[in-house]
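**Student:** A structural model of the following input is requested.
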Amino acid sequence: MPDSTTAMLLHATVVGTGATLVMDGWAILRKRLLGVPALNYGLVGRWLAWLPRGRFRHHPIAATPAVRGEQAIGWVAHYLTGIAFAGILLALWGLDWARHPTLAPALMVGIGSVTAPFLVMQPAMGAGIAASRTPRPLVARMHSLVTHAVFGVGLYGAGWVLRLVTEQGWPLA
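**Tutor:** Predicted coordinates for the structure are as follows:
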């Protein structure tokens, strides 16, 4: 049986990856049903790749020159962010939550995670705080909020799947 730090890291990795997969599934479904394009994680990668060069803000990020490997950088960052938010969930509610997942904490973290794009990503990429500089800010905000609520549901679902797997003897509990 792993020590508690290792267990927390393993749980955060599995739950965060699962929740991020659910979020990505929602983006595919949203595009097919509503025609809403998914976020281009290459632009996230571009933003991250420009940070060491001293550039935090872009107006807009799409006008900034592309960077080699930006798609991979963006997708890795997307999944690492999901893992980090799962880590926050576990840090706040502990491994007891992982042993007996409940929806409310997962939704709180999922919906709370929308602060990252509202206050960091969107302003840094030229969209303004909470998408205020986009053509339809309210619509953009609602899509972000729903997507992050779906991420919260994904945290809960991934927690349950992990619980069921660990009950079968997988050594993460």
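**Student:** Closest to the centroid, which residue in this protein?
**Tutor:** When C-alpha atoms, centre = their mean is applied to the chain, the residue found nearest the centroid is residue 82 (3.9 Å).
**Student:** Contacts only, for the nearest residue to that one once chain neighbours are set aside.
**Tutor:** Excluding its sequence neighbours, the residue lying closest to residue 82 (C-beta to C-beta, 6 or more residues apart in numbering) is residue 20, at 3.3 Å. For the C-beta atoms, the positions are set from N, CA and C on the backbone; glycine is no exception. When contacts are counted by C-beta atoms under 8 Å, 6 or more residues apart in numbering, residue 20 is found next to 78, 79, 81, 82, 83, 151, 154.
**Student:** got a list of what residue 92 touches?
**Tutor:** Residues in contact with residue 92 (C-beta under 8 Å, 6+ apart) are 105, 109.
**Student:** tell me which element it is part of?
**Tutor:** helix 70-99 (DSSP states H and E).
**Student:** Just the pLDDT for the residue nearest to residue 82.
**Tutor:** As predicted, residue 20 sits at a pLDDT of 98.
**Student:** Kindly report the same for residue 171.
**Tutor:** Looking at residue 171, its pLDDT stands at 62.
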